[in-house]
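Asks: return atomic coordinates for the entry below.
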Amino acid sequence: MTELIFGIGIPASAGPGDDPVGLASFGDEAVARPAARRLMGLVEVAPSGEGDGLLAGEVGIEVVLDDGPALRSSLELPPGAPQRPVSGADLRRKLEACVGELADQVGGLDWDTAPGFVRSVLSRPSALV
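Replies: Got it, this is the predicted structure:
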């Protein structure tokens, strides 16, 4: 994977051949790809039970290579955690990856204008395609 979209996490389905990672990386076709299925079968998640909420606690990552050695790393605060806010540029990249040509409109929404915008978009024949 050449780029991570910040967030809670990137499922194993995103990555093989995804450059850049976007919404299509998480669709039915993407997760059905042989490379993605293989990668998902190799991933093991072992929650520690630590932390008191979303984006709380440290994450430890270990990758065991085919030839034996293990690579380890950890991340105390993921991008987007309250103590590590994302930059405006990162937020813009995520917005563009998620909504494409609607990025400018979506970026300007607030609590009052969002419901009408969503109704308008969903009423279009090509919505969510």
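
Asks: which parts of this structure belong to which domain?
Replies: Structurally, the chain divides into domains by automatic domain parsing as follows: 1-43, 48-80, 87-129.

Asks: which one of these has the most crowded surroundings?
Replies: The densest packing among the domains of the chain, expressed as mean neighbour count by mean count of other Cβ atoms under 10 Å, is seen in domain 1-43 with a mean of 14. All C-beta spots, glycine's among them, are computed from the backbone N, C-alpha and C.

Asks: which parts of the chain are helices?
Replies: According to DSSP state H, the chain carries its helices in the segments 28-32, 34-42, 88-99, 103-107, 114-122.

Asks: out of those helices, nearest to Glu58?
Replies: Minimum separation from Glu58 across the helices of the chain (Cβ to Cβ) falls at helix 88-99, 20.9 Å.

Asks: elements contacting that closest one?
Replies: The criterion is 3 or more Cβ pairs under 8 Å, 6 or more residues apart in numbering; DSSP states H and E, and the helices and strands that helix 88-99 contacts are helix 103-107.

Asks: so which elements touch the helix it packs on?
Replies: Packed next to helix 103-107, using 3+ Cβ pairs under 8 Å, 6+ apart, are helix 88-99.

Asks: for the helix it packs on, C-alpha coordinates in PDB please.
Replies: As requested, C-alpha coordinates have been extracted for helix 88-99 and formatted as PDB (Å, rounded to 0.1, in the frame of the first residue of the first chain):
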ATOM      1  CA  GLY A  88      -5.700  20.300   6.500                       C
ATOM      2  CA  ALA A  89      -3.900  18.700   3.600                       C
ATOM      3  CA  ASP A  90      -4.500  15.200   4.900                       C
ATOM      4  CA  LEU A  91      -8.100  16.000   5.500                       C
ATOM      5  CA  ARG A  92      -8.500  17.300   2.000                       C
ATOM      6  CA  ARG A  93      -6.900  14.200   0.500                       C
ATOM      7  CA  LYS A  94      -9.300  12.000   2.500                       C
ATOM      8  CA  LEU A  95     -12.200  14.100   1.400                       C
ATOM      9  CA  GLU A  96     -11.200  13.900  -2.300                       C
ATOM     10  CA  ALA A  97     -10.600  10.100  -2.000                       C
ATOM     11  CA  CYS A  98     -14.100   9.600  -0.400                       C
ATOM     12  CA  VAL A  99     -16.300  11.900  -2.400                       C
END
